[in-house]
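[1] dropping the sequence and predicted coords here.
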Amino acid sequence: MFAALACLATACAGTDKSSLAMTGSEAAAAAPIPPGKARLVFKRVSAVLYVGAPASVKVNGNSVASVSSGGTETVDIAPGPSAVSVEAWSYPGTWTVNLNAAAGHTYTLEISPRGDSFGPSLLGPLGGVIDSGVNKNAGAFEMKMVGS
């Protein structure tokens with residue numbers, strides 16, 4: 001029994017990360033883009049502000065992903081003009097990025113807490129309502145294109 005465990009431990013010691021199973025998100029990002037589709041990769045920075053609120057992502061008004069702090073999600077979409085938005089259940093308003101997605105291309109968008117939302121958030125829901133009424137792009141998160 002001890003010999004079998006020792007043998008198993010020795011065999012596993014030489015295993016590198018590349019031979020381990022990928023997470024669902026990593027596998028989706030590594031998979032080929034399906035014909036006639038464009039790929040969106042959402043990478044949320046790891047930050048304390050809004051750490052407990054998932055970033056809810058929509059494409060053309062349809063929910064496509066929920067990204068936690070430090071997380072990554074990959075979504076394949078139809079090519080063409082797309083309004084990509086991010087919001088949080090806990091703070092009014094959305095941040096929107098418009099892009100014209102080309103088939104076969106990958107677009108990486110970084111999601112981060114929107115620093116300008118912190119002050120209004122101190123006033124509770126009323127502060128969030130005022131913030132989203134004043135700013136076109138508002139909400140708890142902001143998003144920017146970091147690669148295409």
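    Perfect, I can see it now.
[2] and the spatially closest residue to His105 that is not a sequence neighbour, how far is that from Ala101?
    Spatially, and ignoring its direct neighbours in sequence, His105 is nearest to Ala38 (5.4 Å; Cβ to Cβ, 6 or more residues apart in numbering). Where C-beta positions appear, they are placed from N, C-alpha and C, glycine not excepted. Using Cβ to Cβ, to the nearest Å, Ala38 is found at 4 Å from Ala101.
[3] quick one: secondary structure of Asp116?
    Following DSSP: H, G, I helix; E, B strand; the rest coil, Asp116 is assigned to helix.
[4] OK, contacts around it?
    By Cβ atoms under 8 Å, 6 or more residues apart in numbering, the residues touching Asp116 are 131, 135.
[5] kindly provide the distance from it to Asn100.
    From Asp116 to Asn100 the distance is 27 Å (Cβ to Cβ).
[6] one more: Ala53?
    30 Å.
[7] again with Ser112
    Separation of Ser112 from Asn100 (Cβ to Cβ): 23 Å.
[8] give me the more crowded residue out of the two.
    Between Ser112 and Asn100, Ser112 has the larger neighbour count (other Cβ atoms under 10 Å), namely 20 against 9.
[9] burial of the closest residue to the more buried one other than its chain neighbours, as a residue count?
    In space, and not counting its chain neighbours, Ser112 is closest to Val45: 4.6 Å by Cβ to Cβ, 6+ apart. Residues contacting Val45 under the criterion other Cβ under 10 Å number 13.
[10] and if you look at the one 4 residues further on?
    Applying other Cβ under 10 Å, we find 16 residues neighbouring Leu49.
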